[in-house]
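K.L.:
Provided below for reference: sequence and predicted model.
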Amino acid sequence: MSIQTIPTTPFAGQRPGTSGLRKKVTEFLQPGYLENFVEAIFLTLGEGAGRTLVVGGDGRYFNRGAIQTILRMAAAHGVQRVLVGRGGILSTPAVSCVIRKHAAFGGIVLSASHNPGGPDGDFGIKYNIGNGGPAPETLTEAMFANTQALTHYRISDAGPVDLDQLGSTQLDGMAVEIIDPVADYAELMARLFDFAAIRALFAGGFRMRFDAMHAVSGPYATTILEGMLGAPAGTVVNGEPLEDFGGGHPDPNPVNAAELIACMDGPGAPDFGAASDGDGDRNMIVGRRLAVTPSDSLAIIAANATVAPGYAGGVQGIARSMPTSTAADRVAEALGISCFETPTGWKYFGNLMDAELVTLCGEESYGTGSHHIREKDGLWAVLFWLNLLAVRGKPVGEIVREHWARFGRNYYSRHDYEAVDAAAADAMMAALRAQLPALAGQVFGSFRVALADDFAYTDPVDHSVATRQGIRIVMADGSRIVFRLSGTGTEGATVRLYLERYEADPARHDIDTQYALSELIAIADSVSGLRQRTGRDRPTVVT
Ligand code: VG1
Ligand code: CO
């Protein structure tokens, strides 16, 4: 066995987006495509001697093949040891957990998260640093620069490693340890939550349905919910990870998890429903006839954090991405703690958590998490809710309504216009930017614009600056319209329109969300020309 140096030429477009490099599988399967990006990672990180890496993915098509290539390249770059989840499986939160627990240098996650999988679907690769979190932009930009200057990559010609056999093997002088993908993560969860209380809840007849959407969270949910917590067999549905997610779209929202919503709306619905995404970092929380918005879920978790043993000491601070509703801000204010507003993507939360400025973080895109790791964590959020339900002894709907009664309700919705013409989307954003100076002070129906800007963020810890993170139109009453272009799509451009309106009066907390937001929706369209410019008369997905 020996190390080969293979000549190569750069591929255009290997710039990581919101969460790593995501492309169609067909693009990833081009000879040298994955190798080039992995070479750029190793060039950016420097010599691997003495280092441990963690590698795993969400089980989608090409997961195993990509892992074999990464292992051979890691050996060629002198990495000392790699921890790999059995079968190539590790959820994104589990990678973060394993990096931290084993003090690894970093990790590589193979996933395109909520994007569909299979030979015609998407694939992705992402590097996480030693704190367990996504690489910051300085690092991903350096990786991108390296992809543009490659002349060769280095790889061992050793044969494939058996990914299904727990234990240690050698690959060209590098140790490869196949680990149980669930064990470290499950142990961490048992320390954060009151498992005895949740076990008692299930023993008392409480019923739940966890839809793993044939993605990576199946094995985690089955071990923890059915195994450790005594939920009846069958609580976890679609629990077996499949390379194409059974043809589904592993994005836990009411549109893509329609089956779960139908079940929770129907007669004989269980007490609690939940779902997770491709790589297990997202969550959807559902009560009977009520899907909890992710923004509300973050606020409710923050307001009730101390019910869980891991958070009994209280919450230091909260962070939310800019488009996420301001429901959490109201809780932070009541608790007398800070609430940080960051750009979209979990990588912006890492510094705040490392500096112990925040305990809880969340995004409107069904992402919630805490400082226990440095990624959002789907099952963590579900376990928090179970802990909350066990302690309060009330149904989900009652907990949500009581929260609104106390803090007011932030009506919230996201409208996605997927796979639109990229030039048209860029032109729309440019036109919005050009209008910004004139927008402040303008009156639209019952709203007056208080602030209109292109969101920029200065990291309070390392002072790095991120600009052009989304157009914000904030009304005098706190209502907001936000426009962004997605950084995770693989086809054309995806325009995201985020809408928020606050309602303090409990007598008006049962209005249909789209109706409550209808005036803002109309203003958003007239200001941006969204429908006309994209040639679409309605959004692709409304959540
Ligand atoms: C989307 C979400 C964002 C999330 C990101 C990664 O990004 O909006 O909140 O952090 O996906 O989530 P974008 O750029 O498409 O809006 V995951 O679960 O796909 O890793
Ligand atoms: Co995800």
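P.N.:
Here it is on my side, so go on. Ligands and ions are numbered 1, 2, ... in the order given.
K.L.:
distance check, the residue in the chain that ligand 2 sits nearest to against Pro267.
P.N.:
Of all residues in the chain, Ser113 sits closest to ligand 2, at 3.1 Å by CB to the ion. Any C-beta I mention is one placed from the backbone N, CA and C, and that applies to glycine too. Plainly put, Ser113 is 34 Å away from Pro267 if you go by CB to CB, to the nearest Å.
K.L.:
again, but for Val307
P.N.:
Val307 is 30 Å from Pro267, by CB to CB.
K.L.:
grab the nearest non-local neighbour of Phe272.
P.N.:
Leaving aside its sequence neighbours, Phe272 sits nearest to Met208 (CB to CB, 6 or more residues apart in numbering; 4.2 Å).
K.L.:
wait, that neighbour touches Met264, no?
P.N.:
No. Met208 lies out of contact with Met264 (CB atoms under 8 Å); the separation is 10.1 Å.
K.L.:
please identify which of Ser113 and Pro267 sits among more neighbours.
P.N.:
Ser113 (28 against 4; other CB atoms under 10 Å).
K.L.:
quick one, what contacts the more buried one?
P.N.:
Ser113 sits next to Ser19, Arg22, Asp58, Thr92, Gly124, Asp277, Gly278, Asp279, Asp281, Arg282, Thr488 when contact means CB atoms under 8 Å, 6 or more residues apart in numbering.
K.L.:
repeat that for 7 Å
P.N.:
Going by CB atoms under 7 Å, 6 or more residues apart in numbering, Ser113 touches Ser19, Gly124, Asp277, Gly278, Asp279.
K.L.:
just want the residue of the stretch 1-150 of the chain that's nearest ligand 1.
P.N.:
With CB to the nearest ligand atom as the measure, Ser113 is the residue of the stretch 1-150 of the chain nearest to ligand 1, at 2.9 Å.
K.L.:
wasn't that residue part of a helix?
P.N.:
No. Ser113 is assigned coil when assessed by DSSP: H, G, I helix; E, B strand; the rest coil, not a helix.
K.L.:
quick one, phi/psi of it?
P.N.:
phi 50, psi -110 (degrees, to the nearest 10).
K.L.:
what's the distance between it and Ser19?
P.N.:
According to CB to CB, Ser113 stands 6 Å off from Ser19.
K.L.:
again, but for Arg414
P.N.:
17 Å.
K.L.:
so these two - more neighbours on which side?
P.N.:
Comparing Arg414 with Ser19 by other CB under 10 Å, the one with more neighbours is Ser19, at 26 against 23.
K.L.:
residue contacts, that one?
P.N.:
So Ser19 contacts Ser113, Lys126, Pro134, Gly345, Thr488 (CB under 7 Å, 6+ apart).
K.L.:
pLDDT check: weakest of those residues?
P.N.:
Least confident of the contacts of Ser19 in the model: Thr488, at 87.
K.L.:
how many neighbours does the closest residue to that one other than its chain neighbours have?
P.N.:
Here the nearest residue to Thr488 in space, its sequence neighbours aside, is Thr18; by CB to CB, 6+ apart that works out to 5.0 Å. By the measure other CB under 10 Å, the count of residues near Thr18 is 18.
K.L.:
looking at this, His415 is in a strand?
P.N.:
Yes. Looking at His415 with three-state DSSP, it is inside a strand.
K.L.:
where does it land on pLDDT?
P.N.:
With respect to pLDDT, His415 scores 98.
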